[in-house]
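Colleague: What follows is a predicted structure for the sequence shown.
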Amino acid sequence: MQQRENVRNIAIIAHVDHGKTTLVDAMLWQSGLFRQNESVPERIMDSIDLEREKGITIMAKNTAITYRGVHINIVDTPGHADFGSEVERTLTLVDGVLLLVDAAEGPLPQTRFVLKKALEAGLPPIVVINKIDRSDARPAEVLDEIYDLFIDLEATEDQLEFPVLYTNARTGTATTKLAEPGRSLEPLFETILTTVPAPRFDPAAGLQFRGAMLDWDDYVGRLVIGRIFNGRVRQAEKVSVVHRDGAVEHAKVTVLYGYEGLKRVEIAEASAGELVAIAGIDAIEIGETVADAEAPQALPLIRIDEPTVSMLFSANVSPMAGKEGRFVTSPQLRDRLMRERRVNVGIRVEETDSPDTFRVSGRGELQLAILIEMMRREGYELEVGKPTIITRTENGQTLEPMEYLVIDIPEEHIGAVTQKIGPRRGAMAKMVNHGTGRVRLEYRIPARGLIGYRTEFLTDTRGTGLLNHLFDGWDAWQGDIAHRQNGALVADRGGRATAYAIDNLQARGVMFIGPGLEVYEGMIIGENARDNDLDVNITKEKKLTNMRASTADEAAKITPPRVMNLEQNLEWIREDELLEVTPKSLRLRKRAMRGRRRF
């Protein structure tokens with residue numbers, strides 16, 4: 001086996017919001033990629049609008065810098081376990097990982113998830129303790145927790161000999177010793193060169209390239225992004241594509257791209273160890289191999305963890321269908337979901353008995369909510385049902401997915417949180433008090449016990465709590481878990497909501513809509529204070545008469561409605577309810593819209 005000393009491939013892995021995208025920004029700036037006066041947005045790698053809004057990385061992306069003549073490919077991975085399929089794919093592209101941990105929060109569940117995958121792949125780690133400028137930073141204790149985590153994940157002796165750096169990603173400084181302040185990221189670049197091994201390849205082998213990501217370019221069409229493990233590839237060269245079932249298909253490389261900073265650069269050829277994008281191969285799925293045209297040899301397929309949550313997606317059939325979206329028919333919905341399935345291996349799409357309805361499965365609520373939000377922004381109208389858990393049967397016993405839940409809250413909210421998790425079948429595994437006024441609680445809980453809990457949790461902790469969870473295997477069915485306690489207020493006729501009607505109905509519960517909004521029969525307009533559903537007339541108007549009244553007209557006093565976002569709506573609905581999603585609106589409704597069918 002030979003090595004390519006002028007190339008390094010590294011992935012940055014971390015928990016959500018520990019600062020990995022900010023660190024990549026600093027690495028790009030200090031590599032001399034941008035001019036001093038160039039206008040560059042913060043968190044450059046978060047290129048999708050949704051990523052900027054939510055402050056999380058959803059899609060893995062790669063960039064490249066050159067340091068002392070060595071081409072370093074950097075892959076920024078998502079930190080949320082719902083996007084774990086992105087992590088699993090990107091780890092096949094690299095030879096080492098940079099584990100980023102917050103100096104105050106320490107390793108959290110998603111850190112555990114991505115690190116476990118990296119250690120299983122045998123990748124050497126570099127540990128970076130970030131945000132050392134925080135007032136509550138405790139780097140020495142966090143380093144001990146990281147060692148405990150490595151031992152817990154059965155790291156080898158070589159993997160335990162990891163280098164440690166202390167960084168402040170916002171100012172772009174790194175140091176190997178806490179006592180010495182950092183001046184730049186040079187110690188980090190040097191550590192990458194010495195710790196991450198150069199790509200190894202067999203000089204006698206033919207071309208072997210595995211696709212890890214798919215993209216689209218308006219000029220050249222479909223792009224497959226991956227790593228060349230052996231051999232070389234040239235523009236206009238004939239190649240073979242080895243599919244999952246072993247079938248071999250011939251294709252031609254029309255355009256070949258390499259990476260330089262954030263840009264794709266057209267190149268004439270590339271050899272083993274490099275990350276490239278190939279255009280011209282349409283019939284290829286993620287994990288399949290592009291090989292030598294004469295003697296194709298396939299690489300091992302990428303194994304992806306099973307999905308745990310599924311939802312029914314269907315074409316919008318409400319009375320307001322087609323008024324706000326561009327894509328409203330079931331064939332358009334089907335094409336979009338099939339396109340997503342090809343690009344995102346973490347998503348599964350299945351046909352159902354109804355031609356208008358599709359079952360979409362994923363890792364968690366968040367992953368499916370992100371897909372719905374992206375479709376909504378593209379102009380699609382659809383209806384989705386309540387998220388349900390995927391179960392499996394072994395030896396006649398029903399098993400359900402379990403989650404490892406970590407909660408970080410101020411001490412005064414312990415009672416409120418433990419009281420809510422008990423009925424959701426959560427079993428406490430650990431409780432840690434760092435003495436900073438905050439407590440960390442760890443639970444093992446059924447995945448369905450978390451559906452609908454996040455909003456309650458934020459209310460109970462006054463928005464100060466942190467809630468993170470991670471898939472933790474399968475276990476026997478844990479028994480029934482109560483969902484929403486309150487019923488719904490349902491419009492019994494179509495029309496426009498009036499202030500007069502809302503004023504009279506406010507005593508019945510919490511309103512979801514304000515006056516002037518158009519409603520239809522079967523649309524949910526609020527939450528009932530009791531546990532039963534109630535049909536109400538939200539369009540009732542005040543009748544004006546020519547008789548004088550002894551009391552003057554009173555102005556309607558309306559409490560502002562509760563406006564819920566997409567995730568909150570998905571948590572709220574029951575089995576007999578649907579969420580209508582359009583580019584402009586989110587509406588809740590009953591499956592059976594006519595009152596007589598419901599009662």
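Modeller: Received the coordinates, thanks.

Colleague: pLDDT weak spots in the stretch 301-450 of the chain?
Modeller: 303-305 (pLDDT under 70).

Colleague: quick one: the helices in it?
Modeller: Secondary structure of the stretch 301-450 of the chain (DSSP state H, counting those that start in this stretch): helices located at 330-343, 365-377, 414-421.

Colleague: Mind putting these into TSV with mean neighbour count and distance to Val70?
Modeller: Bear in mind the C-beta positions are built from the backbone N, C-alpha and C, glycine included. Below are the helices of the stretch 301-450 of the chain laid out as TSV (neighbours: other Cβ atoms under 10 Å; distance: least, Cβ to Cβ, whole Å):
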stretch	mean neighbour count	distance to Val70
helix 330-343	16	31
helix 365-377	21	35
helix 414-421	16	49
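
Colleague: So which of those helices is nearest Val432?
Modeller: Closest approach to Val432 among the helices of the stretch 301-450 of the chain (Cβ to Cβ): helix 414-421, 12.1 Å.

Colleague: Leu165 and Ile132 touch, don't they?
Modeller: No: in this structure, Leu165 is not within contact of Ile132 by Cβ atoms under 8 Å, at 10.0 Å.

Colleague: and Lys590, which of the helices of the stretch 301-450 of the chain is closest to it?
Modeller: Closest among the helices of the stretch 301-450 of the chain, once you apply Cβ to Cβ, is helix 365-377, at 19.6 Å.

Colleague: just the helices in the stretch 451-599 of the chain please.
Modeller: Under DSSP H, counting those that start in this stretch, the stretch 451-599 of the chain gives helices at 453-460, 499-505, 566-572, 595-598.

Colleague: Those into a markdown table, with extra columns for mean neighbour count?
Modeller: Converted to a markdown table, these look like this (neighbours: other Cβ atoms under 10 Å):
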| stretch | mean neighbour count |
| --- | --- |
| helix 453-460 | 16 |
| helix 499-505 | 18 |
| helix 566-572 | 20 |
| helix 595-598 | 12 |
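
Colleague: Mean pLDDT lowest where, among those helices?
Modeller: Among the helices of the stretch 451-599 of the chain, helix 595-598 carries the lowest mean pLDDT, at a mean of 58.

Colleague: returning to that earlier point: redo the helices of the stretch 301-450 of the chain as JSON lines? Include distance to Thr464.
Modeller: What follows is those, written out as JSON lines (distance: least, Cβ to Cβ, whole Å):
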{"stretch": "helix 330-343", "distance to Thr464": "36"}
{"stretch": "helix 365-377", "distance to Thr464": "21"}
{"stretch": "helix 414-421", "distance to Thr464": "11"}
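
Colleague: need the longest strand for this structure.
Modeller: What stands out as the longest strand in the chain, according to DSSP state E, is strand 397-410.

Colleague: list the buried ones in that one?
Modeller: Neighbour counts over strand 397-410 (16 or more other Cβ atoms under 10 Å) mark Glu400, Pro401, Met402, Glu403, Tyr404, Leu405, Val406, Ile407, Asp408, Ile409 as buried.

Colleague: show me what contacts the first one?
Modeller: The reference is to Glu400. Neighbouring residues of Glu400 by Cβ atoms under 8 Å, 6 or more residues apart in numbering: Ile389, Thr391, Pro446, Ala447, Arg448, Trp474, Asp475, Ala476, Trp477, Gln478.

Colleague: thinking again about what came up before, and the buried residues of strand 397-410, which is closest to Gly465?
Modeller: For the buried residues of strand 397-410, the nearest to Gly465 is Ile409 (4.2 Å; Cβ to Cβ).

Colleague: Would you confirm that the closest one contacts Leu441?
Modeller: Yes: Ile409 is within contact range of Leu441, at 7.2 Å (criterion: Cβ under 8 Å).

Colleague: For the two, list the residues in contact with both.
Modeller: Joint contacts of Ile409 and Leu441 (Cβ under 8 Å, 6+ apart) are Val417.

Colleague: following the helix or strand of the chain with the lowest mean pLDDT, which helix or strand comes up?
Modeller: Least confident helix or strand of the chain, by mean pLDDT, DSSP states H and E, is helix 49-54 with a mean of 46. Per DSSP states H and E, the first helix or strand lying C-terminal to helix 49-54 is strand 61-67.

Colleague: Just the buried residues of that following strand, please?
Modeller: Lys61, Asn62, Thr63, Ala64, Ile65, Tyr67.

Colleague: Likewise for stretch 588-595?
Modeller: Leu588, Arg589, Lys590, Met593, Gly595.

Colleague: Mind picking the two most distant members of these?
Modeller: Leu588 and Gly595 (16.0 Å).

Colleague: To Ser314, which of the helices of the stretch 451-599 of the chain lies closest?
Modeller: Between the helices of the stretch 451-599 of the chain, helix 566-572 lies closest to Ser314; by Cβ to Cβ that is 14.7 Å.

Colleague: helices or strands up against the closest one?
Modeller: Helices and strands touching helix 566-572, as assessed by 3 or more Cβ pairs under 8 Å, 6 or more residues apart in numbering; DSSP states H and E, comprise helix 365-377, helix 453-460, strand 577-581, strand 586-590.

Colleague: Out of these, flag the one nearest Ile525.
Modeller: Per Cβ to Cβ, nearest to Ile525 of the helices and strands packed on helix 566-572: strand 586-590, 8.4 Å.

Colleague: which other residues reach the closest one?
Modeller: With Cβ under 8 Å, 6+ apart as the criterion, strand 586-590 contacts 318, 320, 488, 490, 512, 520, 522-524, 533, 564-566, 569, 572-573, 576-580, 598.

Colleague: Which among these count as buried?
Modeller: Buried among these (16+ other Cβ under 10 Å): 318, 320, 488, 490, 512, 520, 522-524, 533, 564, 566, 569, 572-573, 577-580.

Colleague: re earlier: quick one: the longest strand of the chain to helix 453-460, angle?
Modeller: Using axes from the mean of the first three to the mean of the last three Cα atoms, to 10 degrees, the inter-axis angle of strand 397-410 relative to helix 453-460 is 20 degrees.

Colleague: got the CA positions of strand 397-410 in CSV?
Modeller: Listed next in CSV are the C-alpha coordinates belonging to strand 397-410 (Å, rounded to 0.1, in the frame of the first residue of the first chain):
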residue,chain,number,x,y,z
GLN,A,397,-42.5,-10.2,21.4
THR,A,398,-43.2,-6.6,20.3
LEU,A,399,-40.1,-4.4,20.5
GLU,A,400,-40.1,-0.6,20.4
PRO,A,401,-37.2,1.9,19.9
MET,A,402,-35.7,3.4,23.1
GLU,A,403,-34.0,6.7,23.6
TYR,A,404,-31.2,7.8,25.9
LEU,A,405,-32.4,11.1,27.2
VAL,A,406,-30.1,13.8,28.8
ILE,A,407,-31.7,16.8,30.4
ASP,A,408,-29.8,19.8,31.7
ILE,A,409,-31.9,22.1,33.9
PRO,A,410,-31.7,24.6,36.8
